[in-house]
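# Everything below, folded, please.
(chains A and B)
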Protein chains: 2
Amino acid sequence: MNLGTPETPFLAVDLDVMERNLRRAADDASARGLALRPHAKTHKVPEIARRQLDLGATGLTLATVAEAEVFADAGFTDVFIAYPVWPSESRAQRIRSLSERVSLRLGVDSVQSAEALGSALTGARLEVLVEIDSGHHRSGVNPAVAADVALAASRAGLTVAGVFTFPGHGYAPGERARAARDEADALAIASFTLETAGMDVRVRSGGSTPTRVEADQSVLTELRPGVYVFNDAQQAELGACRWDDIALTAHATVVSRRGTDVIVDAGSKVLGADRLAWATGNGRLPDTPDARATALSEHHATIRFPEGADIPPLGSVLRVAPNHVCAAVNLADELVVVQGGTVVDTWKVAARGANT
Amino acid sequence: MNLGTPETPFLAVDLDVMERNLRRAADDASARGLALRPHAKTHKVPEIARRQLDLGATGLTLATVAEAEVFADAGFTDVFIAYPVWPSESRAQRIRSLSERVSLRLGVDSVQSAEALGSALTGARLEVLVEIDSGHHRSGVNPAVAADVALAASRAGLTVAGVFTFPGHGYAPGERARAARDEADALAIASFTLETAGMDVRVRSGGSTPTRVEADQSVLTELRPGVYVFNDAQQAELGACRWDDIALTAHATVVSRRGTDVIVDAGSKVLGADRLAWATGNGRLPDTPDARATALSEHHATIRFPEGADIPPLGSVLRVAPNHVCAAVNLADELVVVQGGTVVDTWKVAARGANT
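Residues are numbered from 1 along each chain as shown, chains lettered A, B, ... in the order given. I've put the predicted structure just below:
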């Protein structure tokens, strides 16, 4: 590796791999007639969002008002906050201000929220989408009663553009296709209830990186994957990407050794501590897929190599793919951009920590 | 709660609870004749470190050179980087510069690291402590061979001040006393091997928040707890603190409800995703200890209330104690300081993300 100057640990983006990931998802969506509205909470970087739009994305998905403010400041004009936003007084003021700068959509998942949003945002130029629970059981209403929420929103003076869901239960081995089926079924049912109540449903939005390629284009109009830009150890273990599709890795120095284990200086404060029940470790080495992080502390990752493998020497630098790249990016102030092994740029993680 | 203006989610420090935590640990250490060198990686806030020194701390412990640089910039003059630092060329330069500003100690845990440090830092004014593995099996040498590392350091021109360990295996129910016993045994053995080799051992440093009160003052000279300043759900579940000893909580708004669950807007990007195998959830509610976070996404925590409990309404604000407060603090740019329910200050998390 010829990475030039950065001191470990740091997060590096392989520009060519990222570009390939972006193109593939854009081409897939385009070929299937689906709008692509990438979730920018993964990268939080305006330079990347710009590239997504250049490749045909119709707008951005974001998780918080604060993230939307960052991207509006960076010149983006079409934003969906895919979250059941609660309009506290100060937040409502910020949403109103945002709605004057961008084409804005918000999520809503209850009659009471719809009434609160309508009351707090009277006259603001925005649309809402009703969030549907398609099996992940987080936020979102049962699709059978989606019309109750939509009608409440409409009565409260809000424009309802359609329905959306997050099939997060597709983040489990063997569950991607089933979760995509649940996603389509839930959106179809919710859509039917709205139409039966006399409402127009222009948007049926779903999607996640592991379910993206399984999404049903006869139901969905829009996909909102986020992780696909970089991929991560979870996606590789789910079979949603190959090891060489991982565009973001932590570069970390070996500081200690014990048997077939080495300790590197990228711990949970760099990689994030996310670990789903089925994950085989706390991070993986794309360059040595048989090795994995078996333990994390804040500044230590224990990397276990298979018996008989060459154990890297003290002072050498390894590339570690985090389990969940969104969490890793949100820990970093900047990303180091690498092309052909050379640092070519750094990008500020502009929306880091923008949680409000 | 009368918290004034901050928009949720945010991290709040209860000043009175923090002060009580700081005093208790300072008094305990003083009563037992142990030096207290708090690990400032937990809080990363110079204002808090200043208070720790005012209450008698002999200096600070930090995890990285970058953290040490932040605290040196803030005027602190006595720093132990309790980590097996590997001296890359640029890092060695930074350590050398730091050693001209502060009284500096570094960790070392192998003969090869000792030689590399000695070679890279010739003539620098600093001391090293040999890191010992007392049972946590992360970095650190077997205490029986500690003298090999100490002698290599000495031959390489470094001044060896003593030995240190982190009894991290005390982070498990019922294991605190045993881990403290292991800590003392390992430090005693390592110390004996150094003394047998003719070396002076001035420092035997150990400690962690859960093992702090069990530390053996007949062996240890110094304690390095970090978490005790705030405490967290892990410490409460371990029995290392009471619920009302938790000084830092995330304030989060209820955005969605389903049965006995509510969804609040502080997810893993606010609380951190740390969850040890024995933890009962992803965070706890100090004001309602029977409730817990049962699932985390980046911007959602699912809080489950016991059957029959009053379920908080949409828009209400709950206080959630993270599992691991060090991880939560490292996600925040600032901490909101509360006294008697009123916001009295904000502190910048000055060393946030200072991982290099």
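
# Now do the helices in the stretch 51-200 of chain A.
Under the criterion DSSP state H, counting those that start in this stretch, helices of the stretch 51-200 of chain A are mapped to A:65-73, A:89-99, A:111-120, A:146-155, A:176-196.

# Touching, A:Arg202 and A:Thr221? I think so.
Yes: counting by Cβ atoms under 8 Å, A:Thr221 is a contact partner of A:Arg202 at 7.4 Å. From N, CA and C alone the C-beta is placed, and that goes for glycine too.

# Please say which of the two ends up with more neighbours.
Neighbours were counted for A:Arg202 and for A:Thr221 using other Cβ atoms under 10 Å in any protein chain shown; A:Thr221 has more, 17 against 12.

# which residues does the nearest residue to that one once chain neighbours are set aside bridge with?
Leaving aside its chain neighbours, A:Thr221 sits nearest to A:Arg204 (5.0 Å; criterion: Cβ to Cβ, 6 or more residues apart in numbering or on different chains). Beta bridges link A:Arg204 to A:Val163, judged by DSSP bridges.

# List the contacts of the residue of the stretch 101-250 of chain A found nearest chain B.
Nearest residue of the stretch 101-250 of chain A to chain B, counting by Cβ to the nearest Cβ: A:Ser139, 4.0 Å away. The contact partners of A:Ser139, by Cβ atoms under 8 Å, 6 or more residues apart in numbering or on different chains, come to A:83-84, A:107, A:109, A:131, A:133, B:255-256, B:263, B:300.

# Kindly report the same for A:Val102.
So A:Val102 contacts A:68, A:72, A:76-79 (Cβ under 8 Å, 6+ apart).

# top of these by neighbour count?
A:Ala68 (29 neighbours).

# for chain A, what are the low-confidence residue spans?
A:1-4 (pLDDT under 70).

# Okay, now stretch A:269-276: how far is its last residue from its first?
One end of stretch A:269-276 sits 18 Å from the other (Cα to Cα, to the nearest Å).

# Nearest residue to the middle of chain A?
In chain A, the centroid-proximal residue (Cα atoms, centre = their mean) is A:Gly226; its distance is 3.2 Å.

# Not including adjacent chain positions, what is the nearest residue to that residue?
A:His39 is the one closest to A:Gly226 (Cβ to Cβ, 6+ apart), at 3.1 Å.

# can you list the residues that contact the one helix or strand A:Ile48 maps to?
For A:Ile48, the host element (DSSP states H and E) is helix A:46-54. With contacts defined as Cβ under 8 Å, 6+ apart, helix A:46-54 is touched by A:18-19, A:22, A:26, A:36, A:38, A:40, A:43, A:59-60, A:70-71, A:74-76, A:229, A:347, A:350.

# Just the buried ones among those, please.
A:18, A:22, A:26, A:36, A:38, A:40, A:43, A:59-60, A:70-71, A:76, A:229, A:347, A:350 (16 or more other Cβ atoms under 10 Å in any protein chain shown).

# partners of A:Ala252 in the sheet?
A:Leu318.

# Correct me if wrong: it contacts A:Thr302.
No: in this structure, A:Ala252 is not within contact of A:Thr302 by Cβ under 8 Å, at 11.6 Å.

# more neighbours, the two?
Ranked by neighbour count (other Cβ under 10 Å), A:Ala252 and A:Thr302 place A:Ala252 first, with 29 against 22.

# mind listing what the more buried one touches?
A:8-9, A:264-266, A:270, A:301, A:317-320.

# repeat for A:Arg125
A:Arg125 touches A:99-100, A:104, counting by Cβ under 8 Å, 6+ apart.

# follow-up on the earlier one: quick one: which of the contacts of helix A:46-54 sit in strands?
Using DSSP state E, A:36, A:60, A:347 are the members of those that sit in strands.

# Adding distance to B:Cys326, write those out as TSV.
Output for the ones in strands among the contacts of helix A:46-54, formatted as TSV (distance: Cβ to Cβ, whole Å):
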residue	distance to B:Cys326
A:Leu36	38
A:Leu60	32
A:Trp347	27
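
# Switch the residues you listed over to JSON lines; also include distance to chain B.
JSON lines is the format used below for the ones in strands among the contacts of helix A:46-54 (distance: Cβ to the nearest Cβ, whole Å):
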{"residue": "A:Leu36", "distance to chain B": "20"}
{"residue": "A:Leu60", "distance to chain B": "15"}
{"residue": "A:Trp347", "distance to chain B": "15"}
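
# Am I right that the residue nearest to the centre of chain A is in contact with A:Arg37?
No: counting by Cβ under 8 Å, A:Gly226 sits too far from A:Arg37 to count as a contact (10.2 Å).

# Mind listing the shared neighbours of the two?
A:Thr61.

# Which positions in stretch A:7-26 come out as buried?
Buried residues in stretch A:7-26 (16+ other Cβ under 10 Å): A:7-15, A:17-18, A:21-22, A:25-26.

# quick one, phi/psi of the residue nearest to the centre of chain A?
phi -120, psi -50 (degrees, to the nearest 10).

# Tell me which residues touch it, please.
Counting by Cβ under 8 Å, 6+ apart, A:Gly226 has contacts A:38-43, A:61, A:208-209, A:326.

# With A:Gly267 instead?
A:296-301.

# what is A:Val128 paired to in the beta sheet?
Under the criterion used (DSSP bridges), A:Val128 bridges to A:Leu106, A:Val160.

# how about it, what does it touch?
Taking Cβ under 8 Å, 6+ apart as the test, what A:Val128 contacts is A:105-108, A:114, A:117, A:153, A:158-161.

# tally of neighbours for the residue nearest to A:Gly226?
26.

# Correct me if wrong: it contacts A:Ala82.
Yes: contact criterion Cβ under 8 Å: A:His39 and A:Ala82 qualify, at 7.1 Å.

# residues shared between the contacts of these two?
A:61-63, A:224.

# which among these gets closest to A:Val213?
A:Arg224 (14.1 Å; Cβ to Cβ).

# A:Ser205 is in contact with that closest one, correct?
Yes: assessed by Cβ under 8 Å, A:Arg224 is found in contact with A:Ser205 at 6.0 Å.

# show me the contacts for the residue lying closest to A:Ala161 once chain neighbours are set aside.
Spatially, and ignoring its direct neighbours in sequence, A:Ala161 is nearest to A:Glu127 (4.1 Å; Cβ to Cβ, 6+ apart). Listed by Cβ under 8 Å, 6+ apart, the contact set of A:Glu127 reads A:104-106, A:158-161.

# How about A:Asn231?
A:21, A:209, A:240-241, A:245-248, A:321, A:325.

# what does A:Ala177 give?
Contacts of A:Ala177 by Cβ under 8 Å, 6+ apart are A:Glu214.

# Make a ChimeraX selection of the buried ones in the contacts of A:Glu127.
Applying 16+ other Cβ under 10 Å to the contacts of A:Glu127 leaves a buried subset, and the ChimeraX line that selects it is:
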select /A:104,105,106,158,160,161
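
# Of the contacts of A:Glu127, just say which sits nearest to B:Ala233.
The shortest gap between B:Ala233 and any of those belongs to A:Leu106, at 31.7 Å (Cβ to Cβ).

# Surely that closest one touches A:Ile95?
Yes: here A:Leu106 reaches A:Ile95: they are 7.2 Å apart, a contact under Cβ under 8 Å.

# What separation do you get for A:Leu271 and chain B?
Separation of A:Leu271 from chain B (Cβ to the nearest Cβ, to the nearest Å): 10 Å.
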